[in-house]
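Asks: Sequence and predicted structure, then a few things I'm wondering about:
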Amino acid sequence: MDNKYTVLKNTFGYDAFREGQEALVDSALSGRDVLGIMPTGAGKSICFQIPALLFAGITIVVSPLISLMKDQVAALNQLGVHAAYINSSLTEGQYRKAMELARRGQYKIIYVAPERLLTEAFQLLVRDVEISMVAVDEAHCISQWGQDFRPSYLKIVEFIEMLPKRPVIAAYTATATKQVKEDIVCILGLRQPTLVVTGYDRKNLYFAVKKAKDKKAMLLKHLKENGDKSGIIYCNTRKTVEEVWQSLIAEGYPATRYHAGLSDGERKQNQDDFIYDVKPLMVATNAFGMGIDKSNVRYVIHYNMPKDIESYYQEAGRAGRDGEPAECLLYYAGQDVRVNEFLIGTQGENSELDGEELELIKERDLERLRKMTFYCFTNECLRDYILRYFGEYGGNYCGNCENCLKEFEDIDVTKEAFHIIRLVQASHERYGINAVLDAVHGSDTAKVRQFGLKRNPEYGSLKGRTLVRLRQILNDLLVKGYLFLTANDYPILKMTDLGRELLDSYAREAEGLHSIILKLPKEREQDKAPKEGKKEEAARASHPDLFELLRKRRYELAQKDHVPPYIIFSDKTLREMSALLPATKEEMLAINGIGKVKYERYGEAFQGIVEEYARSRGIK
């Protein structure tokens, strides 16, 4: 009789559960609600798929995007698991057939778009079958305070209440602040749920912020250095997507594009070209990516700064889902801030919300934008900055981000900080960043004259410093919490308690005055992330030429079976194969990601390549 371990090994090909998975599986199987907060690539789907295969009845998985459902169902069918999806992409005939097969018990797992839950046909189905579990994927979509709030997700609550018998409710997400986590539990009505937070850190991802005058040149340089690797390039407007895509096509790169201005058919084709590695480069707005399960994305580049850390981390997290090294690069320019402020200001078309709610969300989004901007200026560990945003505290050195791998020199800027904060205080906290910087620098600008800042006692107090250095110091004061910017259309600098303490201590020349140290790089920014070179990659693969042969065979089989290559085997599985040179069925099954069904379907084809390779080179 199957249990969780036999399903894990025989169906999914893994010998052991990853962190957090077993506790979530056990709780669901015992009939208890669960909430799993696990980073992208941590194996959330297994947490509800294994219980689904062991429950007597059907598991309904609520998912926000058609692409996510198709990927998950295709992957399950490859594993020999009967699964289906119900969404608007089905024809009337396909929809009727899927419902009929579901009634007959053909499927253990059915993926459903939230909009379909309350339709008459789906309601008739759930009355005829036993529903053992409702799994809510991307559960942060149910919260107004989540970055991807979807009013349609509120239908889930009504759907659960209409079921004849309450099933186990399982909710999963990769990113959730404290408020979003509380919303998920409250709105879904989770009953004393098992909460598992495995942490937000993904150690295989390298983070860097690049301040580039010529983003296009920087992008082309990166692509040239990364050969045929698959990557995503995010832009914040359709216009920028088109410009970047056209420049890549002109340079001969196999790129495609995705944004809301394209037809449904073109978006689908472009997405498939990317997933199937026909065109391994995707240039897209943030409309692309949620639920894309492509495991071999080696880098995600944000051509423009996103509007918040949640969006950035979720989008960046689409790199390296196979656990192999990957890069997350952000190209920053000041214009990005203004574009995002404009986008936040024009998002009031959501008719589901009233004016007061929209204003609250706008203020929240502007504050999130400030924190995203600070990420681009901090000289501290980038990974630590992100983790602290989500309430996770650890060391301030990760060894795998641009800032941790740079050499810095420490400069005491306590005196400069005092004069900047003092000017803010003396002007009664009424002005923004540019006016304050111009005044303390002693500039004779229109704003300085208009606001009468020449009469401020701190006017010109730092005229010996460059505006560039003063802006670095002010950004550091914002990041460290000595000042803050109001979240409105005209952001104003205000003092914090920490800033007042500094003024008081400095003015009294108090003992124990806390110095403000600004970290500045000793050399200009690195153009390239310290990543694995050919030699290190070859060492990990042991037989890199065999790895390429296996990749080629995988691509051929993927074309034949009409599935994405990574669904057959991940790069990680192929690397293990090329390192261990399995010669028997037992040795093949010992490799991570190869279960019995996968072996029966593909094992002999890949084993034959390994054997031929070993024989041709005299390897036993």
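Replies: All right, it came through fine.

Asks: worst-scoring helix or strand of the protein, pLDDT-wise?
Replies: helix 534-541 (a mean of 43; mean pLDDT, DSSP states H and E).

Asks: List the contacts of stretch 102-113.
Replies: 49, 52-53, 55, 58-64, 66, 68-69, 72-73, 76, 81-88, 101, 122, 125, 128-129, 152 (Cβ atoms under 8 Å, 6 or more residues apart in numbering). Quick note: C-beta positions are derived from backbone N, CA and C, even for glycine.

Asks: From the residues you listed, keep the buried residues only.
Replies: Neighbour-count burial (16 or more other Cβ atoms under 10 Å) applied to the contacts of stretch 102-113 gives 49, 52-53, 55, 58-64, 66, 68-69, 72-73, 76, 81-87, 122, 125, 129, 152.

Asks: Show me the strands in the stretch 451-600 of the chain, by range?
Replies: 483-485, 493-495, 517-521 (DSSP state E, counting those that start in this stretch).

Asks: mind putting those strands in CSV, mean pLDDT included?
Replies: Shown next, in CSV, are the strands of the stretch 451-600 of the chain (pLDDT from 0 to 100):
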stretch, mean pLDDT
strand 483-485, 88
strand 493-495, 94
strand 517-521, 80
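
Asks: Can I get these in a markdown table including mean neighbour count?
Replies: A markdown table is the format used below for these (neighbours: other Cβ atoms under 10 Å):
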| stretch | mean neighbour count |
| --- | --- |
| strand 483-485 | 20 |
| strand 493-495 | 19 |
| strand 517-521 | 15 |
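
Asks: residue closest to the middle of this structure?
Replies: Gln314 (1.6 Å; Cα atoms, centre = their mean).

Asks: so what's it scoring on pLDDT?
Replies: Note for Gln314: predicted pLDDT of 87.

Asks: give me the element it is part of.
Replies: Gln314 belongs to helix 309-316 when assigned by DSSP states H and E.

Asks: Give me the packing partners of that helix, helices and strands only.
Replies: strand 297-302, helix 355-377, helix 382-389 (3 or more Cβ pairs under 8 Å, 6 or more residues apart in numbering; DSSP states H and E).

Asks: run the last query once more with 6 Å
Replies: Helices and strands in packing contact with helix 309-316 are not found; criterion 3 or more Cβ pairs under 6 Å, 6 or more residues apart in numbering; DSSP states H and E.

Asks: Is Cys398 in a helix, a strand, or coil?
Replies: Of the three states, Cys398 takes coil according to DSSP: H, G, I helix; E, B strand; the rest coil.

Asks: which residue sits closest to it in space, ignoring its chain neighbours?
Replies: Arg383 (4.1 Å; Cβ to Cβ, 6 or more residues apart in numbering).

Asks: Is it correct that the one you found is in contact with Gly399?
Replies: No - checked against Cβ atoms under 6 Å, the pair Arg383 and Gly399 is beyond contact range at 9.2 Å.

Asks: Which one of those two is surrounded by more residues?
Replies: Arg383 (26 against 12; other Cβ atoms under 10 Å).

Asks: OK, contacts around the more buried one?
Replies: If you count contacts by Cβ atoms under 6 Å, 6 or more residues apart in numbering, Arg383 has them with Phe207, Cys398, Cys401.

Asks: How about Ile156?
Replies: Contacts of Ile156 (Cβ under 6 Å, 6+ apart): Val62, Pro114.

Asks: Kindly recompute the last result at 7 Å.
Replies: Val62, Pro114, Leu117, Val136, Ile142, Leu188 (Cβ atoms under 7 Å, 6 or more residues apart in numbering).

Asks: Can you pull out the low-pLDDT segments for the stretch 101-250 of the chain?
Replies: Low-confidence segments of the stretch 101-250 of the chain, defined by pLDDT under 70: 146-147.

Asks: can you give me the helices for it?
Replies: All helices of the stretch 101-250 of the chain, identified by DSSP state H, counting those that start in this stretch, fall at 120-128, 155-162, 178-188, 215-225, 238-250.

Asks: Look up how far Glu357 lies from the closest residue to the residue nearest to the centre of the chain other than its chain neighbours.
Replies: Distances taken as Cβ to Cβ, 6+ apart place Thr175 nearest to Gln314, at 5.3 Å, with adjacent residues excluded. From Thr175 over to Glu357 the distance is 22 Å, taken as Cβ to Cβ, to the nearest Å.

Asks: What of Lys371?
Replies: Going from Lys371 to Glu357 by Cβ to Cβ gives 21 Å.
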